[in-house]
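[1] 3D, please:
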Amino acid sequence: MATRDRVNVADLGAPDIGFKTAVGFYAGILVASVLAAAGVLAGAETPTILSTFPTAVTFTTIVGFVLAGRTSGLAERIGERLWRRLACYAPAAAFGAMIPISAYTSIDPSNRLLLLAAVSFVLTGALGFGVAHMARSRYVTFLTRDEPTATWSYRKLSALSNRYVLTAVWLAVIAGGLVSTVLGSRFGLFWAFWGAVMLATFWMDDGIMGQFEPSDRWGSSEMAAHDAGILIETGLSSSLVPWERIDDVRLTDDELVLEQRLWPSLRCDRSVIDDPDAVLEGIDRARERARTTSSADPATEPDRRR
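    Numbers count the residues shown, from 1 in each chain. This next block holds a predicted model:
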């Protein structure tokens with residue numbers, strides 16, 4: 001079923017100031033880090049590197065801010081494709097790879113270069129996460145700009161959830177990394193930070209792991225049926241479940257169930273829904289409208305290269 005998830009640049013304007021600032025600062029830190037690494041390799045003195053770093057960050061941030069403002073639909077186009085969002089983490093991965101490479105190979109970089117790589121890994125990783133998260137949120141907003149056919153509160157019935165199990169796993173990864181670091185392994189610091197990034201992504205982002213449980217047992221999120229799919233708003237973020245992923249929607253005595261293909265089903269506590277029958281009717285109406293649009297316009301067929 002179509003989700004009409006291709007971005008038409010003609011429908012978009014310039015990015016908002018928040019996204020332009022994030023992109024500019026991300027570019028500034030990245031360029032300054034690369035220049036600093038080049039300076040270390042060239043044998044430049046530490047005071048020289050430290051004095052030029054802020055200048056490089058400021059200049060590149062301004063340039064990045066201006067260029068981002070001239071690129072229509074930049075946020076939506078980044079958020080549209082998974083590989084583009086993952087590309088935001090590529091610089092952090094490159095800096096982070098220097099640590100294990102130096103630990104398990106004969107390459108012996110200077111302590112200054114390793115420290116710079118670790119700091120750059122943290123900064124570019126955090127900023128990459130921010131840019132990717134903001135881009136995805138703006139893309140979801142773009143897809144759901146139509147009036148919803150139904151809105152309702154979403155709360156799971158089960159007290160236990162995959163969220164807490166996976167949280168424990170990432171906490172264990174962080175703890176293991178810190179222990180390894182204390183024992184003298186430089187690779188342990190990498191695992192500790194990676195576990196922290198994944199834990200933050202799990203709780204805050206709207207990516208794959210966020211789909212396991214958009215809300216917990218004691219809180220309610222909001223859901224809405226749009227032409228593009230089911231919008232889930234948790235307060236911290238928003239995500240979209242496209243119609244092509246939903247196989248069936250049904251009401252039981254206790255739940256509103258949205259069966260997903262190859263994904264965990266979304267099960268909503270029926271007691272928090274004011275009018276479950278009206279909600280089900282609105283969902284069916286949105287699915288039918290999306291199906292009709294797909295049949296009438298082949299250009300709206302979703303791009304499955306994700």
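[2] do a quick rundown of the strands in the chain.
    150-154, 221-225, 229-233, 238-242, 246-251, 255-260, 266-269 (DSSP state E).
[3] so what strands line up beside the second one?
    Take DSSP bridges as the rule and strand 221-225 pairs in its sheet with strand 150-154 (antiparallel), strand 229-233 (antiparallel).
[4] export the strands of the chain as CSV, with columns for mean pLDDT and distance to residue 128.
    Any C-beta I mention is one placed from the backbone N, CA and C, and that applies to glycine too. As requested, those are exported to CSV (pLDDT from 0 to 100; distance: least, Cβ to Cβ, whole Å):
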stretch, mean pLDDT, distance to residue 128
strand 150-154, 89, 29
strand 221-225, 90, 26
strand 229-233, 91, 24
strand 238-242, 87, 19
strand 246-251, 91, 30
strand 255-260, 90, 28
strand 266-269, 87, 29
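[5] hang on, the earlier thing: can I get the strands paired with strand 221-225 in TSV with distance to residue 131 and mean neighbour count?
    As requested, those are exported to TSV (distance: least, Cβ to Cβ, whole Å; neighbours: other Cβ atoms under 10 Å):
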stretch	distance to residue 131	mean neighbour count
strand 150-154	28	20
strand 229-233	21	23
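[6] output those strands as JSON lines; include the columns distance to residue 257.
    Listed next are those as JSON lines, based on distance: least, Cβ to Cβ, whole Å:
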{"stretch": "strand 150-154", "distance to residue 257": "12"}
{"stretch": "strand 229-233", "distance to residue 257": "12"}
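[7] closest to residue 38 out of the ones you listed?
    strand 229-233 (44.1 Å; Cβ to Cβ).
[8] now do the closest one: distance to the chain's middle.
    Offset of strand 229-233 from its chain centre (Cα atoms, centre = their mean, to the nearest Å): 15 Å.
[9] would you mind listing the buried residues in stretch 13-25?
    For stretch 13-25, burial by neighbour count (16 or more other Cβ atoms under 10 Å) applies to 15, 19, 20, 22, 23, 24, 25.
[10] count the residues that sit near the closest residue to the last one other than its chain neighbours.
    In other words, residue 25. Closest residue to residue 25 apart from its sequence neighbours, by Cβ to Cβ, 6 or more residues apart in numbering: residue 61 at 5.2 Å. Applying other Cβ atoms under 10 Å, we find 20 residues neighbouring residue 61.
[11] read off the pLDDT value for residue 61.
    pLDDT for residue 61: 95.
[12] that one is in contact with residue 23, isn't it?
    No. Residue 61 is not in contact with residue 23 according to Cβ atoms under 8 Å; the separation is 9.2 Å.
[13] name the residues contacting each of the two.
    Between them, residue 61 and residue 23 share no contacting residue under Cβ atoms under 8 Å, 6 or more residues apart in numbering.
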